[in-house]
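Visitor: Attaching a predicted model along with its sequence, questions to come.
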Amino acid sequence: MSQHSPPEDAREEYADALPEYAERVLEVAERIPPGRVMTYGDVAEWLEEGGPRQVGRVMALYGGAVPWWRVVRADGVLLPGHELRALAHYRAEGTPLKQAGRSAEGHLPRLDMRRARWDGADAEGHT
């Protein structure tokens, strides 16, 4: 999520201006259930288009309009610069976390990817 992301309540206003790929990425992000996550690569694989970098770019530009904290890095590290906001969402939603070791920078937990990762199996309309 970047400083350039539209406000969360402004998605409809931007919908006409979004590139088709961006709209599709954001739709996938909205389908991820609370307490679950998909990696940037998972989203690209789900769409059968693009790759992790393209999904990351979409999320950086437009992710503020969707549950951005549910699209994550494959290693489970919290989004740099947004760690505390994301962590609050994860805790509120019951997303599985791994406690950080004392040597971890900032002692922030990571996502427990084995337990938190969602494969989209229950989603409707998968391509």
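Guide: Happy to help now that I have it. Numbering: from 1, shown residues only.
Visitor: Every contact and neighbour count from this point should use C-alpha atoms.
Guide: Fine.
Visitor: Closest to the centroid, which residue in the chain?
Guide: residue 71 (1.6 Å; C-alpha atoms, centre = their mean).
Visitor: How much space separates that residue from residue 120?
Guide: 13 Å (C-alpha to C-alpha, to the nearest Å).
Visitor: Residue 39 is in contact with residue 119, correct?
Guide: No. Look at residue 119 against residue 39 with C-alpha atoms under 8 Å: they stay out of range, at 9.9 Å.
Visitor: between the two, which one's more packed in?
Guide: In terms of neighbours (other C-alpha atoms under 10 Å), residue 39 is the more surrounded of residue 119 and residue 39; the figures are 22 against 15.
Visitor: Hmm, residue 37 and the residue nearest to the centre of the chain touching each other?
Guide: Yes. Using C-alpha under 8 Å as the test, residue 71 is close enough to residue 37 to be in contact (5.8 Å).
Visitor: what helix or strand does the residue nearest to residue 66 when sequence neighbours are not counted sit in?
Guide: Distance criterion C-alpha to C-alpha, 6 or more residues apart in numbering; nearest residue to residue 66, sequence neighbours excluded, is residue 30 at 6.0 Å. Assigned by DSSP states H and E, residue 30 belongs to helix 20-31.
Visitor: What's the mean pLDDT across that helix?
Guide: Averaged across helix 20-31, the pLDDT comes to 97.
Visitor: so where is the protein shaky, pLDDT-wise?
Guide: Counting by pLDDT under 70, the chain contains low-confidence residues at 1-17, 101-106, 123-127.
Visitor: Show me where the chain has its helices.
Guide: In the chain, the segments counted as helices under DSSP state H are 11-15, 20-31, 40-47, 52-62, 83-93, 113-116.
Visitor: Tabulate the CA atom coordinates of the second one in PDB.
Guide: Listed in PDB are the C-alpha atoms of helix 20-31, where the atom choice follows Å, rounded to 0.1, in the frame of the first residue of the first chain:
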ATOM      1  CA  GLU A  20      -8.600  -4.200 -16.100                       C
ATOM      2  CA  TYR A  21      -5.800  -6.200 -14.500                       C
ATOM      3  CA  ALA A  22      -5.800  -4.000 -11.400                       C
ATOM      4  CA  GLU A  23      -9.500  -4.400 -11.100                       C
ATOM      5  CA  ARG A  24      -9.100  -8.200 -11.200                       C
ATOM      6  CA  VAL A  25      -6.300  -8.200  -8.600                       C
ATOM      7  CA  LEU A  26      -8.400  -6.100  -6.300                       C
ATOM      8  CA  GLU A  27     -11.400  -8.400  -6.700                       C
ATOM      9  CA  VAL A  28      -9.200 -11.400  -5.600                       C
ATOM     10  CA  ALA A  29      -8.100  -9.400  -2.600                       C
ATOM     11  CA  GLU A  30     -11.700  -8.800  -1.600                       C
ATOM     12  CA  ARG A  31     -12.500 -12.500  -1.800                       C
END
